[in-house]
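Participant: Kindly return the folded structure for what I paste below:
(one chain, ligands or ions: 1)
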Amino acid sequence: MIVILKNESMTFPAMHEWALAEGIISTADKFAKENNITSITEIHIMIGELQQVEHDIVEFALEQLRTPLMKNTKFIIKAIPAKFKCRNCGHEWTFITGDFTEDVSEAIHFVPEMAHVFIKCPNCGSPDFEVSEGRGVWLQSIKGIKDD
Ligand SMILES: [Zn+2]
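Facilitator: You can find the predicted model right below:
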């Protein structure tokens with residue numbers, strides 16, 4: 001039986017994180033069952049640096065939502081650095097929001113469009129660029145034990 005926290009958790013301000021954790025858990029559980037995995041040992045999750053989620057809350061939610069196949073599962077969450085591409089000269093570059101002051105990092109983290117106010121192409125100085133990586137969440141891999 002899969003135990004999932006439902007409506008109560010949805011009313012939390014951190015709804016994004018809980019909805020996300022539920023999606024990860026149900027996808028991983030389904031995948032494990034389809035592949036005759038009897039115990040999941042590791043779940044690797046990638047979260048884009050500009051994705052508006054708190055990793056600590058996702059981790060907490062995952063712990064709460066463990067299914068019977070996940071009694072001994074280690075959840076590994078990795079942040080994917082933001083990557084930008086200049087629309088003017090085509091130059092690509094990355095940065096971690098930690099390079100900025102806390103206020104600026106927070107602004108960029110919660111409103112990625114704000115990045116245009118603070119960031120310019122290091123090659124040509126143009127503020128016209130796109131975010132090519134750093135958004136989205138992926139279930140990168142699942143490790144488990146099979147009976148046979
Ligand atoms: Zn440029």
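
Participant: show me the contacts for the residue nearest to the spatial centre of the chain.
Facilitator: Residue closest to the mean C-alpha point of the chain, counted by Cα atoms, centre = their mean, is residue 47 at 2.1 Å. By Cβ atoms under 8 Å, 6 or more residues apart in numbering, the residues touching residue 47 are 53, 55, 58, 77, 78, 79, 80, 137. Yep, even glycine has a C-beta here, placed from its N, CA and C like the rest.

Participant: I'd like to know which of those residues are buried.
Facilitator: For the contacts of residue 47, a burial check counting by 16 or more other Cβ atoms under 10 Å picks out 53, 58, 77, 80, 137.

Participant: of those, closest to the ion?
Facilitator: Nearest to the ion among the buried ones among the contacts of residue 47, counting by Cβ to the ion, is residue 80 at 22.2 Å.

Participant: residues contacting that closest one?
Facilitator: 46, 47, 48, 49, 133, 134 are the contacts of residue 80 under Cβ under 8 Å, 6+ apart.

Participant: and if you look at residue 74?
Facilitator: Residues counted as contacts of residue 74 (Cβ under 8 Å, 6+ apart) are 41, 42, 43.

Participant: Of those, which are in range of the ion?
Facilitator: With the criterion set as Cβ under 5 Å from the ion, no member of the contacts of residue 74 is near the ion.

Participant: between these, which has the most around it?
Facilitator: When neighbours are counted by other Cβ atoms under 10 Å, residue 43 leads the contacts of residue 74 with 25 neighbours.

Participant: And stretch 67-83, what's buried?
Facilitator: 67, 69, 70, 73, 75, 77, 80, 82, 83.

Participant: For it, what is the distance to the chain centroid?
Facilitator: 9 Å (Cα atoms, centre = their mean, to the nearest Å).

Participant: Need the distance between the two termini of it.
Facilitator: The straight-line separation of the ends of stretch 67-83 (Cα to Cα, to the nearest Å) is 35 Å.
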